[in-house]
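Visitor: sequence below, structure please.
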Amino acid sequence: MTCCERHALRFYRRTCVPVTLLTGEVTFRLSDIHTFPWNSHPRQEHFDQYRQRFASGTRALIGMDGDRVAFTAWVETRCLRIDELRWTWQLASPDAVVFDVITEEAYRGHGLYPDALRRLSGLLAEEGFRSLWIYAEENNAASLRGIEKAMFEYHGSIRSTTMLGVTWRKGRIEGVNA
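Guide: I've put the predicted structure just below:
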């Protein structure tokens, strides 16, 4: 256990609307345990965690460049444990949150991240979702730029301090009952 841990997360929301994107050679799809690219995914050390996520109903957004995984993100529609805040977020229906987003190294710096987030918003709109949420640490400038390029709107921040196992949180997120 760490003696003292601090986090500051910024939360953003985007209305889910159908979109058409031409993202080059990378194609996106929502995956479940049966359609996840187990044989080609580069993060095999996390497969146990991925299986647990699928078992709870979480889905993955996968970006493929031919047979290579370029992008992975996780999508939750019910509740999400945010470990940094030591808080479980009960999502309002029909909202979703995207988390644990990874653009593989070879694909960084080419605008894939905001394109993927916009595409996810469109895929969720087709399923009847109203809003897509995302959050990032306030010092993660690259993620924050991508979130803003994807046209998410800032809705608030939460700061947390955990000391000797006790967590204090301060902040407000507009549109979230916390």
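Visitor: state the mean pLDDT of the helix or strand harbouring residue 53.
Guide: Secondary structure assignment for residue 53, by DSSP states H and E: helix 47-55. Averaging pLDDT along helix 47-55 gives 98.
Visitor: and it, what other elements does it pack with?
Guide: Counting contacts by 3 or more CB pairs under 8 Å, 6 or more residues apart in numbering; DSSP states H and E, helix 47-55 packs against strand 59-65. Every residue, glycine included, has its C-beta placed from N, CA and C.
Visitor: quick one: distance of whichever helix or strand comes after the strand it packs on to the chain centre.
Guide: Next in sequence after strand 59-65, counting helices and strands by DSSP H and E, comes strand 68-76. Averaging C-alpha positions (CA atoms, centre = their mean, to the nearest Å) puts strand 68-76 9 Å from its chain's average.
Visitor: please begin residue numbering at 13 from this point
Guide: Sounds good: first residue 13 from here, last item strand 80-88.
Visitor: report the buried residues of strand 80-88.
Guide: 80-88 (16 or more other CB atoms under 10 Å).
Visitor: same list (the residues you listed) but as a markdown table, adding pLDDT.
Guide: Below are the buried residues of strand 80-88 laid out as a markdown table (pLDDT from 0 to 100):
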| residue | pLDDT |
| --- | --- |
| 80 | 97 |
| 81 | 98 |
| 82 | 97 |
| 83 | 98 |
| 84 | 98 |
| 85 | 98 |
| 86 | 98 |
| 87 | 98 |
| 88 | 98 |
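Visitor: and the angle from the helix holding residue 65 to strand 80-88?
Guide: 50 degrees (axes from the mean of the first three to the mean of the last three CA atoms, to 10 degrees).
Visitor: mind listing what's buried along helix 59-67?
Guide: 62, 65-66.
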